[in-house]
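**Student:** Here is a sequence with its predicted model. Questions after.
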Amino acid sequence: MSTSSTITSTIDGFSGLNLLTVDESSKVPKYLQIVEIIKSDIDNGIFGIGEQVPSINETSAEFYLARDTVEKAYKVLKEKGILSAVKGKGYYVASTGKLCKKRCLLFLNNFNDDKTAFYQALTENIPDSCEVDVHLFNGDPDQLERDIMANLGSYDRFIIFPHLDSITDGLRRAIGMIPNNKLIFVHREFETCQEFSAVITNNREELYQTLSEISDSCQKYNHLRLVFPENIYHKEIWEGFADFCLDHKIKFDVTPDLASSELSPGQLLIIKNDRDLAYVVKYCREHNLQLGKDIGVICYNDSALKEVLAGGISVITPDFHQMGKKVAKMVLSRDFGKSKGNYKFIRRNSV
(Lines give C-alpha, C1' and ligand atoms only; values in the text may rest on other atoms or scores of the structure.)
Protein backbone atom coordinates (compact mmCIF):
# COMPACT_ATOMS: atom_id res chain seq x y z
CA MET A 1 0.00 0.00 0.00
CA SER A 2 2.83 2.38 0.77
CA THR A 3 4.72 4.22 -1.93
CA SER A 4 7.89 3.36 -0.04
CA SER A 5 9.60 0.20 -1.20
CA THR A 6 11.43 -0.37 2.09
CA ILE A 7 8.64 -0.59 4.64
CA THR A 8 8.16 -4.02 6.21
CA SER A 9 6.59 -4.88 9.52
CA THR A 10 4.93 -7.57 11.58
CA ILE A 11 1.20 -7.08 11.78
CA ASP A 12 -0.67 -8.47 14.77
CA GLY A 13 -1.86 -11.94 13.86
CA PHE A 14 0.20 -12.14 10.66
CA SER A 15 3.75 -12.83 11.82
CA GLY A 16 6.37 -11.69 9.37
CA LEU A 17 3.91 -10.41 6.78
CA ASN A 18 5.51 -7.94 4.38
CA LEU A 19 3.39 -4.85 3.92
CA LEU A 20 3.94 -5.08 0.14
CA THR A 21 2.86 -8.72 -0.20
CA VAL A 22 0.05 -11.07 0.69
CA ASP A 23 1.13 -14.31 2.32
CA GLU A 24 -0.06 -17.04 -0.05
CA SER A 25 0.69 -19.80 2.46
CA SER A 26 -1.31 -18.25 5.31
CA LYS A 27 -4.57 -19.82 6.43
CA VAL A 28 -5.88 -16.29 7.00
CA PRO A 29 -8.15 -15.27 4.09
CA LYS A 30 -6.54 -12.80 1.68
CA TYR A 31 -9.23 -10.16 2.21
CA LEU A 32 -8.45 -10.15 5.95
CA GLN A 33 -4.75 -9.75 5.18
CA ILE A 34 -5.63 -6.68 3.08
CA VAL A 35 -7.71 -5.34 6.00
CA GLU A 36 -4.74 -5.69 8.36
CA ILE A 37 -2.29 -4.18 5.84
CA ILE A 38 -4.43 -1.07 5.37
CA LYS A 39 -5.01 -0.71 9.11
CA SER A 40 -1.25 -1.01 9.68
CA ASP A 41 -0.52 1.66 7.05
CA ILE A 42 -3.00 3.99 8.76
CA ASP A 43 -1.51 3.24 12.21
CA ASN A 44 1.97 3.96 10.83
CA GLY A 45 0.86 7.35 9.49
CA ILE A 46 1.22 6.45 5.82
CA PHE A 47 -2.42 7.45 5.32
CA GLY A 48 -3.90 10.11 7.61
CA ILE A 49 -7.51 10.89 8.42
CA GLY A 50 -9.17 12.46 5.41
CA GLU A 51 -6.58 11.17 2.94
CA GLN A 52 -7.52 8.99 0.01
CA VAL A 53 -6.33 5.39 -0.10
CA PRO A 54 -5.63 3.48 -3.33
CA SER A 55 -8.72 2.42 -5.22
CA ILE A 56 -10.02 -1.14 -5.29
CA ASN A 57 -8.62 -1.60 -8.78
CA GLU A 58 -5.20 -0.23 -7.78
CA THR A 59 -4.99 -2.45 -4.71
CA SER A 60 -6.17 -5.44 -6.73
CA ALA A 61 -3.41 -4.86 -9.28
CA GLU A 62 -0.73 -4.21 -6.66
CA PHE A 63 -1.40 -7.46 -4.78
CA TYR A 64 -2.40 -9.58 -7.79
CA LEU A 65 -5.79 -10.29 -6.23
CA ALA A 66 -9.27 -10.62 -7.62
CA ARG A 67 -11.24 -7.38 -7.44
CA ASP A 68 -13.94 -9.12 -5.36
CA THR A 69 -11.35 -9.99 -2.69
CA VAL A 70 -10.24 -6.38 -2.30
CA GLU A 71 -13.81 -5.12 -2.43
CA LYS A 72 -14.66 -7.45 0.47
CA ALA A 73 -11.75 -6.04 2.49
CA TYR A 74 -12.83 -2.44 1.84
CA LYS A 75 -16.36 -3.33 2.88
CA VAL A 76 -15.06 -4.62 6.23
CA LEU A 77 -13.02 -1.44 6.75
CA LYS A 78 -16.05 0.67 5.89
CA GLU A 79 -18.25 -1.26 8.35
CA LYS A 80 -15.62 -0.66 11.05
CA GLY A 81 -15.75 3.07 10.33
CA ILE A 82 -12.10 3.15 9.26
CA LEU A 83 -12.79 3.99 5.61
CA SER A 84 -15.56 6.04 4.09
CA ALA A 85 -16.65 5.92 0.44
CA VAL A 86 -17.24 9.06 -1.62
CA LYS A 87 -19.28 8.30 -4.72
CA GLY A 88 -17.27 8.80 -7.88
CA LYS A 89 -14.06 9.57 -6.01
CA GLY A 90 -13.05 6.53 -3.97
CA TYR A 91 -12.23 5.64 -0.38
CA TYR A 92 -10.88 7.94 2.33
CA VAL A 93 -9.58 7.38 5.85
CA ALA A 94 -12.43 8.22 8.22
CA SER A 95 -10.81 7.01 11.44
CA THR A 96 -7.72 5.25 12.73
CA GLY A 97 -10.04 2.65 14.20
CA LYS A 98 -8.66 3.39 17.64
CA LEU A 99 -11.63 5.57 18.51
CA CYS A 100 -14.13 3.03 17.21
CA LYS A 101 -15.77 0.62 19.58
CA LYS A 102 -13.86 -2.60 20.14
CA ARG A 103 -16.24 -5.30 19.01
CA CYS A 104 -16.24 -8.74 20.63
CA LEU A 105 -18.13 -11.80 19.48
CA LEU A 106 -18.90 -14.24 22.30
CA PHE A 107 -19.79 -17.82 21.33
CA LEU A 108 -21.77 -19.76 23.96
CA ASN A 109 -23.25 -23.25 23.81
CA ASN A 110 -26.20 -21.95 25.87
CA PHE A 111 -27.19 -18.98 28.01
CA ASN A 112 -27.89 -20.46 31.45
CA ASP A 113 -27.36 -18.78 34.83
CA ASP A 114 -23.62 -19.50 34.83
CA LYS A 115 -23.08 -18.05 31.36
CA THR A 116 -25.14 -15.04 32.43
CA ALA A 117 -22.76 -14.56 35.39
CA PHE A 118 -19.80 -14.76 33.00
CA TYR A 119 -21.36 -12.28 30.56
CA GLN A 120 -22.21 -9.80 33.31
CA ALA A 121 -18.68 -9.95 34.77
CA LEU A 122 -17.19 -9.50 31.29
CA THR A 123 -19.31 -6.51 30.33
CA GLU A 124 -18.99 -4.86 33.77
CA ASN A 125 -15.19 -4.94 33.53
CA ILE A 126 -14.69 -3.50 30.05
CA PRO A 127 -15.22 0.17 29.14
CA ASP A 128 -18.19 1.54 27.26
CA SER A 129 -15.94 1.70 24.19
CA CYS A 130 -16.29 -2.10 23.93
CA GLU A 131 -19.39 -3.97 22.83
CA VAL A 132 -20.11 -7.70 23.09
CA ASP A 133 -22.38 -9.62 20.72
CA VAL A 134 -23.50 -13.14 21.68
CA HIS A 135 -24.05 -16.10 19.34
CA LEU A 136 -25.41 -19.44 20.60
CA PHE A 137 -24.35 -22.67 18.89
CA ASN A 138 -26.01 -25.30 21.16
CA GLY A 139 -23.02 -27.63 21.12
CA ASP A 140 -23.18 -27.97 17.32
CA PRO A 141 -19.70 -27.72 15.71
CA ASP A 142 -21.17 -27.06 12.25
CA GLN A 143 -23.15 -24.08 13.57
CA LEU A 144 -20.07 -22.70 15.31
CA GLU A 145 -18.05 -23.14 12.11
CA ARG A 146 -20.67 -21.26 10.05
CA ASP A 147 -20.87 -18.41 12.55
CA ILE A 148 -17.09 -17.98 12.65
CA MET A 149 -16.79 -17.96 8.86
CA ALA A 150 -19.65 -15.47 8.51
CA ASN A 151 -18.01 -13.01 10.93
CA LEU A 152 -14.29 -13.15 10.10
CA GLY A 153 -12.98 -9.62 9.84
CA SER A 154 -15.98 -8.05 11.58
CA TYR A 155 -14.80 -8.32 15.20
CA ASP A 156 -11.73 -7.40 17.23
CA ARG A 157 -12.03 -10.38 19.60
CA PHE A 158 -13.57 -13.83 19.25
CA ILE A 159 -14.37 -15.34 22.66
CA ILE A 160 -15.27 -19.02 22.50
CA PHE A 161 -16.63 -21.49 25.06
CA PRO A 162 -15.81 -24.72 23.16
CA HIS A 163 -18.47 -26.91 24.80
CA LEU A 164 -19.04 -29.19 21.83
CA ASP A 165 -20.70 -32.50 21.13
CA SER A 166 -17.84 -33.27 18.71
CA ILE A 167 -14.99 -31.54 16.87
CA THR A 168 -14.88 -31.43 13.07
CA ASP A 169 -12.09 -30.67 10.62
CA GLY A 170 -14.17 -27.79 9.28
CA LEU A 171 -14.35 -26.19 12.72
CA ARG A 172 -10.59 -26.57 13.16
CA ARG A 173 -10.04 -24.78 9.85
CA ALA A 174 -12.48 -22.00 10.75
CA ILE A 175 -10.82 -21.36 14.11
CA GLY A 176 -7.44 -21.45 12.39
CA MET A 177 -8.54 -18.49 10.25
CA ILE A 178 -9.03 -16.27 13.30
CA PRO A 179 -5.88 -14.15 13.85
CA ASN A 180 -4.13 -15.40 16.99
CA ASN A 181 -4.28 -12.08 18.81
CA LYS A 182 -8.06 -11.94 18.36
CA LEU A 183 -8.83 -15.40 19.80
CA ILE A 184 -9.74 -16.13 23.44
CA PHE A 185 -10.87 -19.54 24.69
CA VAL A 186 -12.79 -19.88 27.94
CA HIS A 187 -13.03 -22.80 30.37
CA ARG A 188 -11.52 -25.39 28.04
CA GLU A 189 -8.65 -25.62 25.58
CA PHE A 190 -9.17 -26.49 21.95
CA GLU A 191 -7.18 -28.79 19.67
CA THR A 192 -5.17 -26.23 17.75
CA CYS A 193 -1.53 -25.42 17.18
CA GLN A 194 -2.27 -21.71 17.35
CA GLU A 195 -1.02 -19.46 20.10
CA PHE A 196 -4.03 -17.87 21.74
CA SER A 197 -5.25 -16.29 24.96
CA ALA A 198 -7.35 -18.41 27.30
CA VAL A 199 -8.86 -18.84 30.74
CA ILE A 200 -8.61 -22.61 31.18
CA THR A 201 -10.21 -24.74 33.88
CA ASN A 202 -8.62 -28.15 34.46
CA ASN A 203 -11.86 -30.00 35.19
CA ARG A 204 -10.10 -33.16 36.33
CA GLU A 205 -7.87 -31.42 38.89
CA GLU A 206 -10.48 -28.89 40.04
CA LEU A 207 -13.18 -31.52 40.65
CA TYR A 208 -10.72 -33.74 42.51
CA GLN A 209 -9.55 -30.85 44.69
CA THR A 210 -13.09 -29.65 45.44
CA LEU A 211 -14.28 -33.13 46.42
CA SER A 212 -11.21 -33.51 48.62
CA GLU A 213 -12.10 -30.30 50.43
CA ILE A 214 -15.54 -31.74 51.29
CA SER A 215 -14.37 -35.34 51.77
CA ASP A 216 -15.87 -35.48 55.30
CA SER A 217 -19.31 -34.89 53.81
CA CYS A 218 -18.67 -37.46 51.08
CA GLN A 219 -17.62 -40.08 53.65
CA LYS A 220 -21.13 -39.89 55.18
CA TYR A 221 -22.34 -41.89 52.17
CA ASN A 222 -21.38 -45.42 51.15
CA HIS A 223 -21.79 -44.95 47.41
CA LEU A 224 -20.95 -41.98 45.15
CA ARG A 225 -22.58 -41.74 41.74
CA LEU A 226 -21.71 -39.29 38.96
CA VAL A 227 -24.71 -38.64 36.72
CA PHE A 228 -23.33 -36.99 33.58
CA PRO A 229 -24.23 -37.34 29.89
CA GLU A 230 -21.53 -38.93 27.77
CA ASN A 231 -19.62 -36.51 25.53
CA ILE A 232 -16.07 -35.33 24.93
CA TYR A 233 -16.41 -32.37 27.30
CA HIS A 234 -17.26 -34.54 30.33
CA LYS A 235 -14.32 -36.92 30.03
CA GLU A 236 -12.11 -34.86 32.36
CA ILE A 237 -14.90 -34.67 34.93
CA TRP A 238 -15.34 -38.45 34.92
CA GLU A 239 -11.60 -38.87 35.40
CA GLY A 240 -11.41 -36.43 38.32
CA PHE A 241 -14.38 -38.13 39.99
CA ALA A 242 -12.91 -41.62 39.56
CA ASP A 243 -9.49 -40.47 40.83
CA PHE A 244 -11.06 -39.08 44.01
CA CYS A 245 -13.16 -42.17 44.73
CA LEU A 246 -10.27 -44.58 44.11
CA ASP A 247 -7.85 -42.58 46.24
CA HIS A 248 -10.37 -42.35 49.10
CA LYS A 249 -11.56 -45.97 48.71
CA ILE A 250 -15.18 -45.00 48.12
CA LYS A 251 -17.55 -47.19 46.11
CA PHE A 252 -18.65 -45.35 42.99
CA ASP A 253 -20.14 -45.57 39.52
CA VAL A 254 -20.84 -43.30 36.56
CA THR A 255 -24.11 -43.19 34.63
CA PRO A 256 -25.37 -40.88 31.86
CA ASP A 257 -28.80 -40.48 33.50
CA LEU A 258 -30.99 -41.85 36.29
CA ALA A 259 -33.71 -43.33 34.10
CA SER A 260 -32.32 -46.87 34.36
CA SER A 261 -30.52 -46.51 37.70
CA GLU A 262 -31.66 -47.71 41.08
CA LEU A 263 -31.71 -45.12 43.86
CA SER A 264 -31.26 -46.15 47.48
CA PRO A 265 -30.37 -44.57 50.83
CA GLY A 266 -26.68 -44.00 51.38
CA GLN A 267 -25.96 -42.64 47.91
CA LEU A 268 -24.39 -39.28 47.15
CA LEU A 269 -25.24 -38.14 43.63
CA ILE A 270 -23.34 -35.55 41.61
CA ILE A 271 -25.78 -34.44 38.92
CA LYS A 272 -25.46 -32.43 35.72
CA ASN A 273 -29.00 -32.11 34.35
CA ASP A 274 -32.04 -30.53 35.98
CA ARG A 275 -34.14 -33.42 34.71
CA ASP A 276 -32.18 -35.87 36.88
CA LEU A 277 -32.31 -33.47 39.84
CA ALA A 278 -36.11 -33.36 39.58
CA TYR A 279 -36.17 -37.17 39.45
CA VAL A 280 -34.21 -37.42 42.73
CA VAL A 281 -36.34 -34.84 44.54
CA LYS A 282 -39.51 -36.64 43.44
CA TYR A 283 -38.08 -40.04 44.41
CA CYS A 284 -37.23 -38.82 47.92
CA ARG A 285 -40.69 -37.35 48.38
CA GLU A 286 -42.43 -40.54 47.22
CA HIS A 287 -40.29 -42.82 49.43
CA ASN A 288 -40.23 -40.58 52.53
CA LEU A 289 -36.48 -40.05 52.28
CA GLN A 290 -34.75 -36.91 53.46
CA LEU A 291 -32.54 -35.13 50.97
CA GLY A 292 -29.17 -34.40 52.58
CA LYS A 293 -29.52 -37.22 55.09
CA ASP A 294 -30.73 -40.40 53.38
CA ILE A 295 -29.63 -39.40 49.88
CA GLY A 296 -27.17 -36.62 49.14
CA VAL A 297 -27.16 -34.43 46.04
CA ILE A 298 -24.55 -32.08 44.62
CA CYS A 299 -25.35 -30.36 41.34
CA TYR A 300 -22.83 -29.23 38.78
CA ASN A 301 -23.29 -25.51 38.03
CA ASP A 302 -25.50 -23.19 40.05
CA SER A 303 -28.85 -21.56 39.31
CA ALA A 304 -31.40 -19.44 41.16
CA LEU A 305 -33.73 -22.46 41.34
CA LYS A 306 -31.12 -24.58 43.15
CA GLU A 307 -30.89 -21.98 45.91
CA VAL A 308 -34.50 -22.63 46.93
CA LEU A 309 -35.42 -26.12 45.68
CA ALA A 310 -35.89 -28.69 48.48
CA GLY A 311 -34.36 -26.35 51.04
CA GLY A 312 -31.32 -25.64 48.86
CA ILE A 313 -29.20 -27.82 46.55
CA SER A 314 -25.44 -27.86 47.09
CA VAL A 315 -23.39 -27.14 43.97
CA ILE A 316 -19.91 -27.57 42.56
CA THR A 317 -19.35 -24.97 39.89
CA PRO A 318 -16.60 -23.36 37.87
CA ASP A 319 -16.28 -19.75 38.99
CA PHE A 320 -17.78 -18.13 35.90
CA HIS A 321 -17.79 -14.65 37.46
CA GLN A 322 -14.03 -14.89 38.00
CA MET A 323 -13.59 -16.10 34.41
CA GLY A 324 -15.53 -13.12 33.07
CA LYS A 325 -13.25 -10.69 34.89
CA LYS A 326 -10.13 -12.42 33.57
CA VAL A 327 -11.40 -12.44 29.99
CA ALA A 328 -12.21 -8.72 30.28
CA LYS A 329 -8.52 -8.05 30.99
CA MET A 330 -7.55 -10.12 27.95
CA VAL A 331 -9.96 -8.19 25.71
CA LEU A 332 -8.19 -4.96 26.66
CA SER A 333 -4.67 -6.38 26.27
CA ARG A 334 -2.64 -6.78 23.10
CA ASP A 335 -0.53 -9.57 24.64
CA PHE A 336 -1.21 -13.30 24.66
CA GLY A 337 -2.18 -14.63 28.07
CA LYS A 338 -3.17 -17.86 29.79
CA SER A 339 -4.98 -17.89 33.10
CA LYS A 340 -6.43 -20.58 35.35
CA GLY A 341 -10.13 -20.91 36.08
CA ASN A 342 -11.15 -22.29 39.48
CA TYR A 343 -14.03 -24.26 40.97
CA LYS A 344 -16.02 -23.33 44.04
CA PHE A 345 -18.36 -25.31 46.30
CA ILE A 346 -21.59 -23.82 47.64
CA ARG A 347 -22.89 -25.82 50.59
CA ARG A 348 -26.65 -26.06 51.06
CA ASN A 349 -29.01 -28.54 52.70
CA SER A 350 -28.75 -31.38 50.16
CA VAL A 351 -25.45 -32.75 51.55
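**Tutor:** Sure, I can see it.

**Student:** domain ranges for the protein?
**Tutor:** Split into domains by automatic domain parsing, the chain comes to 1-100, 102-201+320-341, 203-318.

**Student:** so where's this structure shaky on pLDDT?
**Tutor:** Applying pLDDT under 70 to the chain flags residues 1-20, 96-101, 192-194, 232.

**Student:** quick one: contacts of the strand or helix carrying K235?
**Tutor:** Assigned by DSSP states H and E, K235 belongs to helix 235-247. Outside helix 235-247, the residues that touch it by CB atoms under 8 Å, 6 or more residues apart in numbering are 202-208, 211-212, 224, 226, 228, 250-252, 254, 270, 300. Heads up, the C-betas are built off the backbone N, CA and C, glycines and all.

**Student:** Next SSE downstream of it?
**Tutor:** Along the chain past helix 235-247, the next helix or strand (assigned with DSSP H and E) turns out to be strand 252-255.

**Student:** Now do that following strand: everything it contacts.
**Tutor:** Counting by CB under 8 Å, 6+ apart, the neighbours of strand 252-255 from elsewhere in the structure are 223-228, 238, 241-242, 245, 261.

**Student:** Any chance of CSV for those residues, columns neighbour count and distance to I38?
**Tutor:** Supplementary listing: the contacts of strand 252-255 in CSV, determined by neighbours: other CB atoms under 10 Å; distance: CB to CB, whole Å:
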residue, neighbour count, distance to I38
H223, 15, 64
L224, 24, 59
R225, 21, 58
L226, 24, 53
V227, 23, 54
F228, 21, 49
W238, 16, 49
F241, 23, 52
A242, 17, 54
C245, 21, 58
S261, 16, 60
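
**Student:** ok, these vs V327, which is closest?
**Tutor:** Closest approach to V327 among these (CB to CB): F228, at 25.5 Å.

**Student:** Unless I misread the structure, V35 falls within a helix.
**Tutor:** Yes: counting by DSSP: H, G, I helix; E, B strand; the rest coil, V35 falls inside a helix.

**Student:** Test my guess that it contacts L77.
**Tutor:** Yes: contact status for V35 versus L77: in contact at 6.0 Å, counting by CB atoms under 8 Å.

**Student:** coming back round to it: and the helix holding K235, how far out from the chain middle?
**Tutor:** When distances are taken as CA atoms, centre = their mean, to the nearest Å, helix 235-247 is centred 25 Å away from the chain's centroid.

**Student:** and the nearest residue to D133 once chain neighbours are set aside, what element?
**Tutor:** Leaving aside its sequence neighbours, D133 sits nearest to L105 (CB to CB, 6 or more residues apart in numbering; 5.3 Å). In the assignment (DSSP H and E), L105 maps to strand 102-108.

**Student:** Please enumerate residues in contact with that strand?
**Tutor:** Residues from elsewhere that reach strand 102-108 (CB under 8 Å, 6+ apart): 115, 119, 122, 126, 129-137, 144, 147-148, 151, 154-161, 331.

**Student:** cool, and stretch 257-277?
**Tutor:** Everything outside stretch 257-277 that qualifies as a contact, by CB under 8 Å, 6+ apart, is 218, 220-229, 234, 241, 255, 279-280, 283, 289, 294-301, 303, 305-306, 309, 313, 316, 351.

**Student:** element containing Y92?
**Tutor:** Assessed by DSSP H and E, Y92 sits inside strand 90-93.

**Student:** now G324
**Tutor:** Remark: G324 resides in helix 320-332, with elements defined by DSSP H and E.

**Student:** how close does I295 get to V186?
**Tutor:** In this structure, I295 and V186 are separated by 34 Å, where distance is defined by CB to CB, to the nearest Å.

**Student:** Neighbour count for those two, which is higher?
**Tutor:** Taking neighbours as other CB atoms under 10 Å, I295 and V186 compare with V186 leading, 28 against 22.

**Student:** just checking, that one is part of a helix?
**Tutor:** No: under the criterion used here (three-state DSSP), V186 is strand, not part of a helix.

**Student:** and it, what are its bridge partners?
**Tutor:** When bridges are taken as DSSP bridges, the partners of V186 come out as V199.

**Student:** so it sits right up against V327, yeah?
**Tutor:** Yes: using CB under 8 Å as the test, V186 is close enough to V327 to be in contact (6.0 Å).
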